[in-house]
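# What follows is a predicted protein model with its sequence.
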Amino acid sequence: MKSHSSAEIAKGSKIGNGVQIWNNSQVREGAEIGDNTILGKNVYVDANVRIGKNCKIQNNVSIYHGVTIEDAVFVGPHVCFTNDKNPRAVNPDGELKAREDWEVSEITVKYGAAIGASSTILPGVRVGKWALVGAGAVVTKDVPDFGLVLGNPAKLVGYVNEKGEKVKSL
């Protein structure tokens, strides 16, 4: 593992061989990062997140608990993976929410998928194998294997191959 001196890597996280973690990134307890994965500058990996091997996570990405990123996934800069469908700072009685008050909805990004810059992936979504999420998309529902989605909310507009080349339009 190679990490910048400003990176914060919690005890109890599992970091694979050949992982690179750059400036000001944080990896929380229980997180797992597979071999040869690269975390760019200012990446936040929350507790118990799983990131596979051979992934590239670009600068300023936020990956909150409940997220699983499989092997060979590309995540562009400024992507945010959310995890709560009904976020609130307080309960109805006005009391600050505690950890047990949150309902986490999981997100899974399958093998070889690519998430474009500044995209937001909402809770409970599955991004399919080799799928391509266009830059700035807001993904509110599952993306099929090899699916190409664009826009806000993201809509399926076609299919791509393993190289990311469009092979079919809808």
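Yep, that arrived. None of these values were measured; they are calculated from a predicted model.

# Please make it C-alpha for all contacts and neighbour counts, starting now.
Will do.

# In the protein, what residue spans correspond to helices?
Using DSSP state H, the chain contains no helices.

# where does it have its least confident helix or strand?
strand 2-3 (a mean of 91; mean pLDDT, DSSP states H and E).

# what are the pairing partners of that one, and which direction each?
Paired neighbours of strand 2-3 in the sheet (DSSP bridges): strand 20-21 (parallel).

# model confidence over the strand it pairs with, on average?
Averaged over strand 20-21, pLDDT sits at 98.

# centre of the chain versus it, how much separation?
Taking Cα atoms, centre = their mean, to the nearest Å, the mean C-alpha location of strand 20-21 is offset from the chain mean by 16 Å.

# need the longest strand for the protein.
Ranked by residue count, the top strand of the chain under DSSP state E comes out as strand 155-160.

# Give me the sheet partners of that strand and which way each runs.
When DSSP bridges is applied, strand 155-160 pairs with strand 147-150 (antiparallel), strand 166-169 (antiparallel).

# Show me which positions of that strand end up buried.
155-156, 158-160 (16 or more other Cα atoms under 10 Å).

# Without its sequence neighbours, what residue ends up closest to K155?
In space, and not counting its chain neighbours, K155 is closest to V149: 5.1 Å by Cα to Cα, 6 or more residues apart in numbering.

# TSV for the buried residues of strand 155-160, including pLDDT?
Rendered in TSV, the data for these read as follows (pLDDT from 0 to 100):
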residue	pLDDT
K155	98
L156	98
G158	98
Y159	98
V160	98
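
# ok, so of these, who is nearest K166?
Comparing the buried residues of strand 155-160 against K166 with Cα to Cα places V160 closest, at 4.3 Å.

# so where's this protein shaky on pLDDT?
Across the chain, nothing is flagged by pLDDT under 70.

# Nice, that's everything, thank you.
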